[in-house]
Structures are given as C-alpha cells and as structure tokens.
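[1] Model the structure of this input:
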Amino acid sequence: MCISVQLESGHGKDLRQIWLALPATKKQFETAAEKLNSDCCGVAISRYSYKVPGSYKALYNESSLAKINHLASRLKKLDNQQIIKMCAIGESNLHFKSIDEMLEFTYDTEMFILVPDIFNEEDLGRHELNKPAYNQFADSIKEYFEPHTFGRKIAETGKGEFTSFGYLVQSPVYSGDKTKHRIPPSLDLKGRFGEDLYAELDYIPETFGNSGVICT
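    From the prediction side, this is the model:
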C-alpha cells in the first residue's frame, strides 16, 4: 500500500511539479516546497497517486493533506491479515465512506470480523452448525437444519457480506466510537504558509485525480 501527493507551483510555462511520498514530515514538505521555488506562487495539490484497498478519488479530494498524510503513516502499521480484511471491506457495501473511517479502522481493526473460506450462504450455514453451541443437538436433529437456508437467515440477521476474501460482518460489540485521533506534530504539514492550505484549497487543477504514476 502506498500514497503519494503531487505538489505544484506556478502556472503555464512556469509550472513546476514534484511528487512526495507519504507519510512525509514537515521537513520533507519544506524541502519539496524549496525545490518548487514556491515563494512567489505558493503550493497547490495537483493530484494523488494511491494503491490502498477501497480507495477512490472522492475520499482524497474531500480530505486534508495533513489527514491523508496521517493515514499513510497508520497504514504502515497494519499486518497482512489486517490488510486482507481491509481489502474485503473495500469490495463490500460496508466500504469506507471517508478518510476518517479509514483512520478509525487502523486504530481498531476489530471493528470488522472476517471469516475466511466462507463464500456463500451454504458455507456460512455449515460453519455455524459446527460451532459448540450446536454440538448439544443429536445428529438426527441437526439433519433438520438445512445449511443453505440456515446460512441465509444468519446473513440476513447479521447483515454480513460475502467477499472474495471470506465472510465480512461488523463486530456486534463495536461501539461505533468516532474518537478523533490527533495527528502527530511530525506528520502535520500545516504551518509553512501561515494558513491551512490543505483543508480549503483555493486552487485544485482540473487534472486532480489518481495518476497511478508513483504507486506501482
């Protein structure tokens, strides 16, 4: 997974652009701004390049660079199983609706449960019938539980989703806490120009989007 931002300064023939891999420190941002010779024209965000499960253009367009920078740092802390879970979330109707939701996931990956090797209602039904709660029933009684129908009822009740990575469901004990996690000072890119350039952009080029150039 990776996220990069293209910064630019100037216009027309004087347009200068530079890619910056995220997460970046204030010092790295300042170095990029110096290379752009941005003193006269300031810096604008040209576009993002990203390879992150469940990502799409609007998520980045609607968020601040400082917050996206923080997300890039948090994504590096995920292990392989958590990344797989993120992939499952990305291809389901439970997908992230904002950068804030993606950040919240990186702090509490147990907000979703992913059960591997369950790809349809029959798989889910058999999985549930093998749980200890149903071991008390004699085999003659368990025969009356049709796995496909049983699995369909569970899926409807639990509002889960079948993905190519397994069965995904939001944890029933998840509180939905929307605590705002503070961006570490070393990753907060505000301040160089005396204003929050990244929350309310005065200028977003028409080419804004995912170029896919940096993240390969």
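[2] Could you use CA atoms for every contact and neighbour count after this?
    Fine.
[3] mind checking the SS state of residue 3?
    strand (DSSP: H, G, I helix; E, B strand; the rest coil).
[4] now it, which residues is it bridged with?
    Per DSSP bridges, the residues bridged to residue 3 are residue 22, residue 50.
[5] Now for it, how many residues are close by?
    22 (other C-alpha atoms under 10 Å).
[6] what helix or strand does the residue most central in space within the chain sit in?
    Centroid-nearest residue in the chain: residue 102, 4.0 Å away (criterion: C-alpha atoms, centre = their mean). Per DSSP states H and E: residue 102 is located in helix 99-107.
[7] quick one on the thing from earlier: state the number of residues packed around the closest residue to the residue nearest to the centre of the chain other than its chain neighbours.
    Distances taken as C-alpha to C-alpha, 6 or more residues apart in numbering place residue 96 nearest to residue 102, at 6.1 Å, with adjacent residues excluded. Using other C-alpha under 10 Å, residue 96 has 22 other residues around it.
[8] again with residue 107
    Applying other C-alpha under 10 Å, we find 15 other residues in the vicinity of residue 107.
[9] cool, and residue 77?
    Residue 77 has 12 neighbouring residues, counting by other C-alpha under 10 Å.
[10] Spit out the contact partners of it.
    Contacts for residue 77 (C-alpha atoms under 8 Å, 6 or more residues apart in numbering) come out as residue 106.
[11] per-residue confidence at it?
    Here the pLDDT value assigned to residue 77 is 94.
[12] gap between residue 84 and residue 51?
    Separation of residue 84 from residue 51 (C-alpha to C-alpha, to the nearest Å): 14 Å.
[13] cool, residue 182 as well?
    24 Å.
[14] These two: which has the busier surroundings?
    residue 51 (16 against 9).
[15] doesn't residue 4 make contact with the more buried one?
    No: in this structure, residue 51 is not within contact of residue 4 by C-alpha atoms under 8 Å, at 9.3 Å.
[16] Need the nearest residue in space to residue 48, chain neighbours excluded.
    residue 5 (4.5 Å).
[17] show me the contacts for that neighbour.
    With contact taken as C-alpha under 8 Å, 6+ apart, residue 5 is in contact with 19-22, 45-49.
[18] where do the helices sit along the protein?
    Assigned by DSSP state H, the helices in the chain fall at 26-35, 57-61, 65-75, 80-90, 99-107, 121-129, 139-142, 147-158.
[19] Distance from the second one to the middle of the chain?
    The offset between the C-alpha centroid of helix 57-61 and the centroid of the whole chain comes to 11 Å, using C-alpha atoms, centre = their mean, to the nearest Å.
[20] Please name the residues that touch residue 114.
    Contacts of residue 114 by C-alpha under 8 Å, 6+ apart are 85, 88, 165-169.
[21] Mind pulling the model confidence for it?
    At residue 114, the pLDDT recorded in the model is 94.
[22] try residue 201
    40.
[23] How many neighbouring residues does the closest residue to residue 24 other than its chain neighbours have?
    Ranked by C-alpha to C-alpha, 6+ apart and with sequence neighbours excluded, the top spatial neighbour of residue 24 is residue 187, at 6.3 Å. A count of neighbours around residue 187, defined by other C-alpha under 10 Å, yields 23.
[24] Before I go, just wanted to say thanks for your time.
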